[in-house]
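Undergrad: sequence plus predicted model, see below.
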Amino acid sequence: MNREQLSAIAHAHHPIKAPLDDESVRLLLDKSLPRGDERMLDLGCGTGEWLLRALATRPGVHAEGVDVSAEALAQAGEAASSRGLRERLVLHDQDAAEFASPEPFDLVLSVGAAHAFGGLLPTLAAARKHLAPGGRVLVGDGFWECTPTPEAIEILGDFDDLATTVDRVAAEGWTPVHGHVSTRQELDAYEWACWGDLAGWALDHPDDPDAAEALATADTRRAEWLHGYRDTFGFVTLVLRRSAHDRT
Ligand SMILES: C[S@@+](CC[C@H](N)C(=O)[O-])C[C@H]1O[C@@H](n2cnc3c(N)ncnc32)[C@H](O)[C@@H]1O
């Protein structure tokens, strides 16, 4: 079973691949798309769930998504077709760091994909290149609630604490106009959805040649979460505009 297949099973009931519930996603999109006729870009869009939700609720929005997973993009395209949204969605199968567009975007979104750029600040620098004057960025990334164990850093990579994270973003000329810190309920729900669904699939398919691997992966990842980072990992999603002295 490859990584994409595991991911598809693990996210079957949590299509947003980040610790955010449906109401938080709805509110973040409301704050990011105030007009309803924006051009939006998602760098690391996965199965396109953010884009699909924005398109479904705003008939004037046009969206583009970039991801390196052909499987995830195919799923995004199929979902868009079945929901009648396909003609307003363009999907690009390529490295988000190399994506270029002749037209800028009113909203550049990147949630849970900062590793594609080497961290949060490089993600913002990449987003800025695509941003129309006066546009917004919606970005979601991890932070440490408290001092992480070496094991947590090994599993997730390193982050700053929340205040330092936001200070560093602001120092790069961004003003947060909205933010959401994932609740313990959202963080736990996401992990249980991923590793519970994967384990459940293995138990439901005992004769599948991939069942043992799926169950072992679910066990490992659940243990990494509970023993390694549940008490230290946080997730923040920010809606950003360029600060007054720099509106580009
Ligand atoms: C945790 S998922 C988040 C997906 C989506 N943003 C969401 O919130 O549902 C991270 C995504 O980043 C994509 N990704 C990783 N490296 C990438 C790269 N260099 N360029 C584009 N996408 C990348 C992965 O394929 C995956 O779909």
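TA: Yep, that arrived. What you are looking at is a predicted structure, and each value in this text was computed from that prediction instead of being measured.
Undergrad: any idea which helix or strand comes after the lengthiest helix in the chain?
TA: Counting by DSSP state H, the longest helix found in the chain is helix 184-204. Once the chain leaves helix 184-204, the next helix or strand it forms, by DSSP states H and E, is helix 211-223.
Undergrad: CA-only coordinates of that following helix in CSV, if you can.
TA: Provided in CSV are the C-alpha atoms of helix 211-223 (Å, rounded to 0.1, in the frame of the first residue of the first chain):
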residue,chain,number,x,y,z
ALA,A,211,-4.5,-5.1,6.1
ALA,A,212,-1.5,-5.9,8.3
GLU,A,213,0.5,-3.0,7.1
ALA,A,214,-2.4,-0.6,7.5
LEU,A,215,-3.0,-1.8,11.1
ALA,A,216,0.6,-1.5,12.0
THR,A,217,0.8,2.0,10.5
ALA,A,218,-2.3,3.0,12.5
ASP,A,219,-0.8,1.6,15.7
THR,A,220,2.5,3.3,15.1
ARG,A,221,1.1,6.7,14.3
ARG,A,222,-1.4,6.6,17.2
ALA,A,223,1.4,5.8,19.6
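Undergrad: give me the buried stretch members for that helix, please.
TA: By neighbour count on 16 or more other CB atoms under 10 Å, the buried set for helix 211-223 is Ala211, Ala214, Leu215, Thr217, Ala218, Arg221, Arg222. The way it works is simple: take the backbone N, C-alpha and C, and place the C-beta from them, glycine included.
Undergrad: how near is the nearest residue to Ala113 once chain neighbours are set aside to Lys17?
TA: Spatial nearest neighbour of Ala113, chain neighbours left out: Gly44 (2.5 Å); criterion: CB to CB, 6 or more residues apart in numbering. Relative to Lys17, Gly44 is positioned 9 Å away (CB to CB, to the nearest Å).
Undergrad: which residues are common contacts for these two?
TA: Gly112 (CB atoms under 8 Å, 6 or more residues apart in numbering).
Undergrad: if you count surrounding residues, which of the two has more?
TA: Comparing Gly44 with Lys17 by other CB atoms under 10 Å, the one with more neighbours is Gly44, at 24 against 21.
Undergrad: wait, isn't the more buried one in contact with Phe99?
TA: No - judged on CB atoms under 8 Å, Gly44 makes no contact with Phe99 at a distance of 10.1 Å.
Undergrad: can you list the buried residues of helix 211-223 in CSV and add pLDDT and distance to Leu203?
TA: Formatted as CSV, these follow (pLDDT from 0 to 100; distance: CB to CB, whole Å):
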residue, pLDDT, distance to Leu203
Ala211, 95, 8
Ala214, 95, 9
Leu215, 96, 7
Thr217, 96, 13
Ala218, 96, 10
Arg221, 96, 16
Arg222, 97, 14
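Undergrad: list just the nearest of these to the ligand.
TA: For the buried residues of helix 211-223, the closest approach to the ligand (CB to the nearest ligand atom) belongs to Arg221, at 13.4 Å.
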